[in-house]
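In: would you be able to build a 3D model of this:
(one chain, ligands or ions: 1)
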Amino acid sequence: MTGGGTAGGEGPAGPGATGLSYAKATALAYDPFMWVITLGRYRRLVAAELDRLGLAGDEKALDLCCGTGIVAAEVARRLGPRGEVVAVDLSPAMLEAARRKLARLVRSGGPGGGNVGAHGEDHGEARLPRAEFIASDASDLPLRDGRFDLVTLFLGLHEVEPDRRLPVLQEVRRVLRPGGAGLVLDIGGRGPAWKMRVARWAITALEGPDAWTVTEPGVPSLLRSAGLEVEGVRPVFSGAFEFVRFRRPG
Ligand SMILES: C[S@@+](CC[C@H](N)C(=O)[O-])C[C@H]1O[C@@H](n2cnc3c(N)ncnc32)[C@H](O)[C@@H]1O
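Out: A predicted model of the protein is given here:
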């Protein structure tokens with residue numbers, strides 16, 4: 001689903017009569033939309049894949065193309081106060097939704113209370129990581145070299161213009177520390193032919209023809225071109241999508 005917009009702009013005006021911008025409406029609709037198209041499985045799928053990483057809890061994590069923060073919140077649940085989550089998205093409306101989601105995690109007590117304030121401030125006593133929210137293009141990150149132990153990029157790469165995908169992954173390599181790990185979820189294109197035809201039709205209808213081009217040459221190949229080592233590929237949703245684990249060579 002396209003979050004759209006640029007760091008400064010909120011996209012075309014939406015239903016003007018309601019005063020709700022297109023970007024805000026998209027951010028509001030995203031979680032229910034994901035719930036419906038995955039039959040409520042998306043958050044659990046994300047959680048299970050993050051569990052496979054076996055995080056220690058003190059990692060500095062970057063969630064790129066964070067959208068409404070589904071992935072960032074799941075990463076935060078797995079980190080302690082020595083950890084850090086930085087969430088980046090082009091769309092301020094999506095970032096605001098992510099900020100609210102992380103703040104709710106704190107209010108609910110999280111996995112044991114927390115220190116992620118509504119504006120990413122540190123409340124001290126807590127057992128959740130610090131969180132920061134940055135409006136930026138993923139291909140030009142205002143973040144220092146080697147800052148992160150982990151980078152996640154779920155369902156974002158196919159939304160990036162085809163000629164900006166490699167620059168995004170080169171930025172991922174730059175901000176990962178040597179030996180740091182990463183996880184991409186995106187269109188895989190490896191399922192049975194008839195399922196792939198249906199998936200291609202649906203994704204093209206929803207996201208436009210450019211989205212599917214991420215399958216050519218495919219995420220693992222793009223990661224290698226960016227100088228990252230692919231460690232494993234796990235197909236999901238009958239191979240229409242895949243998790244790709246990688247590492248920055250040490
Ligand atoms: C389909 S959503 C995925 C959200 C989240 N990662 C998840 O798994 O639910 C894709 C997000 O990528 C963001 N996005 C698209 N192109 C981007 C870019 N070049 N830089 C940063 N964010 C981008 C959109 O604004 C949108 O919020």
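In: for the ligand, what are the nearby residues on this structure?
Out: By the rule CB under 6 Å from any ligand atom, the part of the chain lying against the ligand is 1, 3, 65-67, 70-71, 89-91, 94, 137-139, 154-156, 159-160. Using the backbone N, CA and C atoms, a C-beta is placed for each residue, glycine as well.
In: beta partners for residue 236?
Out: Applying DSSP bridges to residue 236 gives these bridge partners: residue 241.
In: for residue 231, which non-adjacent residue is closest in space?
Out: Closest residue in space to residue 231, ignoring its immediate chain neighbours: residue 245 at 4.5 Å, by CB to CB, 6 or more residues apart in numbering.
In: tell me the secondary structure at that neighbour.
Out: strand (DSSP: H, G, I helix; E, B strand; the rest coil).
In: dump the residue contacts of it.
Out: The contact partners of residue 245, by CB atoms under 8 Å, 6 or more residues apart in numbering, come to 53, 181-183, 230-234.
In: circling back: in helices, which of the residues of the chain next to the ligand appear?
Out: Judged by DSSP state H, the subset of these located in helices is 70-71, 94.
In: and the longest strand belonging to the chain, what's buried?
Out: Scanning the chain for the strand with the most residues, using DSSP state E, yields strand 176-187. Under the neighbour-count criterion of 16 or more other CB atoms under 10 Å, strand 176-187 has 176, 180-187 buried.
In: residues in contact with the lowest-mean-pLDDT helix or strand in the chain?
Out: None of the helices or strands of the chain scores lower by mean pLDDT, DSSP states H and E than helix 193-207, at a mean of 87. Applying CB under 8 Å, 6+ apart, the external contacts of helix 193-207 come out as 1-2, 158-159, 187, 189-191, 211-212, 237-240.
In: what subset of the residues you listed is buried?
Out: Here, 16+ other CB under 10 Å leaves 158-159, 187, 189-191, 211-212, 237, 240 buried among those.
In: can you tell me which of these lies nearest to the ligand?
Out: residue 159 (3.9 Å; CB to the nearest ligand atom).
In: I'd say the closest one and residue 89 touch.
Out: No: contact criterion CB atoms under 8 Å: residue 159 and residue 89 do not qualify, at 10.4 Å.
In: next one: stretch 36-53 to chain centre, how far?
Out: Centroid separation for stretch 36-53 versus its chain: 13 Å, with CA atoms, centre = their mean, to the nearest Å.
In: then that stretch to PDB, C-alphas only?
Out: Coordinates of the C-alpha atoms in stretch 36-53 are reproduced here as PDB (Å, rounded to 0.1, in the frame of the first residue of the first chain):
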ATOM      1  CA  VAL A  36      -7.900  -7.400   5.900                       C
ATOM      2  CA  ILE A  37      -5.500  -8.400   3.200                       C
ATOM      3  CA  THR A  38      -3.400 -10.600   5.500                       C
ATOM      4  CA  LEU A  39      -6.400 -11.900   7.400                       C
ATOM      5  CA  GLY A  40      -5.000 -10.400  10.600                       C
ATOM      6  CA  ARG A  41      -1.600 -12.200  10.200                       C
ATOM      7  CA  TYR A  42       0.800  -9.400   9.400                       C
ATOM      8  CA  ARG A  43       1.800  -8.400  12.900                       C
ATOM      9  CA  ARG A  44       2.300 -12.000  14.000                       C
ATOM     10  CA  LEU A  45       4.300 -12.700  10.800                       C
ATOM     11  CA  VAL A  46       6.600  -9.700  11.600                       C
ATOM     12  CA  ALA A  47       6.900 -10.700  15.200                       C
ATOM     13  CA  ALA A  48       7.900 -14.300  14.300                       C
ATOM     14  CA  GLU A  49      10.500 -13.200  11.800                       C
ATOM     15  CA  LEU A  50      12.100 -10.700  14.300                       C
ATOM     16  CA  ASP A  51      12.200 -13.500  16.900                       C
ATOM     17  CA  ARG A  52      14.300 -15.500  14.500                       C
ATOM     18  CA  LEU A  53      16.900 -12.800  14.700                       C
END
